[in-house]
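from the sequence below, what's the structure:
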Amino acid sequence: MAKISYVDGRKVRGKLSKNSKEVHRVRGGREHVYEMEIPADDPSKAQKLQRSLFGKTNAIVNRIMLDPEQVKDWQARMEEYNRSITPWLPPFPKRYITVRKYVYDIVSEQLNNTPAIKKRKAKLPIRLPRGVKIQIKTFQELSSADLYEILKARFNVFVCEQHIIYLDEDNLDFQAVHFSLLRGGLVIAYARLFADAQPGVMRIGRMLTLERGKGLGKYLMAQMTAYAQSQGATKLRLHAQTQAVPFYEHLGFRTVGDTFIEADIPHILMECKI
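Down below sits the predicted model:
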């Protein structure tokens, strides 16, 4: 038997069995059992892990708190995760109350290489690369230069890359809110958001990224989700190209109905409750 001071993010003084991963602690006349996150044969290793966990968590949370935009972003992602928990899931996924605990579990996942948040893996840090800024404007707020860069990016992806020869301008731009990620005034990621015919539903369209693998699409989706919630929407809907279905599923969308052809490319309707 040995003493241990840190277990599962809490200070614990109790007895550690050499042959188990449990710590038994008597408190208020009742015995409480805490499971360890690593093998129990090395208490000093457990302490080092927990100290590293607390240190990384505190550093990230302190950095978040210095930027009001990051506070809103993390709060929105935490609340989005809480809403994604459904009754049929096992009890381990839990609803979070504070950003600190949410960050703690993500850091724990990375240090232990085991899922701490089972519904959806998150990576740190989730933020825009240096030199990239977001622009959110209605059609009426767009300048001629803004519109030129948006249409140029859409042409690059949908015509030059995907060889879609159908008319891109479909008159929905007038009623949409346009989300652009800019570097040096050039659009490197884009999507538009507009109200669906069904009340409480907003539709995403023309989503694209010119710089892949940098999390730009995920950042745009988070911004559009937060905006849709501010407008009272409870569901997002989009037509996804079949090759992009895994990306949207990772963000919480689910497929609805069968595959259909749009602009000579297989698509499927996807929805996400927000």
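
contacting residues for the residue nearest to Asn156 when sequence neighbours are not counted?
Take Asn156 and drop its neighbours on the chain: the residue closest to it by C-beta to C-beta, 6 or more residues apart in numbering is Leu210, 6.6 Å away. Just so you know, the C-beta spots here come from the backbone N, C-alpha and C atoms, and that holds for glycine as well. Residues in contact with Leu210 (C-beta atoms under 8 Å, 6 or more residues apart in numbering) are 153, 156-157, 187-189.

what's the answer for Ala191, then?
Contacts of Ala191 (C-beta under 8 Å, 6+ apart): 179, 204-208, 220-221, 224.

show me the residues you listed that map onto strands.
179, 204-208 (DSSP state E).

geometric centre of this protein: which residue is closest?
The residue lying closest to the centre of the chain (C-alpha atoms, centre = their mean) is Arg77, at 5.8 Å.

so what does it have for phi and psi?
The phi/psi pair for Arg77 (degrees, to the nearest 10) reads phi -70, psi -40.

gap between it and Glu109?
Per C-beta to C-beta, to the nearest Å, Arg77 is found 15 Å from Glu109.

repeat for Lys152
With C-beta to C-beta as the criterion, Lys152 and Glu109 are 40 Å apart.

same thing with Val99?
Taking C-beta to C-beta, one finds Val99 at 16 Å from Glu109.

by neighbours, which of the contacts of Leu210 wins?
Of all those, the highest neighbour tally under other C-beta atoms under 10 Å goes to Ala189, namely 25 neighbours.

circling back to that earlier point, how about the contacts of Ala191 in a markdown table, adding pLDDT, neighbour count and distance to Asn171?
Output for the contacts of Ala191, formatted as a markdown table (pLDDT from 0 to 100; neighbours: other C-beta atoms under 10 Å; distance: C-beta to C-beta, whole Å):
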| residue | pLDDT | neighbour count | distance to Asn171 |
| --- | --- | --- | --- |
| Phe179 | 95 | 22 | 19 |
| Ile204 | 95 | 26 | 17 |
| Gly205 | 92 | 15 | 12 |
| Arg206 | 93 | 20 | 13 |
| Met207 | 93 | 22 | 19 |
| Leu208 | 92 | 20 | 19 |
| Leu220 | 90 | 22 | 23 |
| Met221 | 89 | 24 | 24 |
| Met224 | 91 | 23 | 20 |
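
now those as JSON lines including distance to Lys56?
Formatted as JSON lines, the contacts of Ala191 follow (distance: C-beta to C-beta, whole Å):
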{"residue": "Phe179", "distance to Lys56": "31"}
{"residue": "Ile204", "distance to Lys56": "34"}
{"residue": "Gly205", "distance to Lys56": "38"}
{"residue": "Arg206", "distance to Lys56": "38"}
{"residue": "Met207", "distance to Lys56": "32"}
{"residue": "Leu208", "distance to Lys56": "34"}
{"residue": "Leu220", "distance to Lys56": "27"}
{"residue": "Met221", "distance to Lys56": "26"}
{"residue": "Met224", "distance to Lys56": "29"}
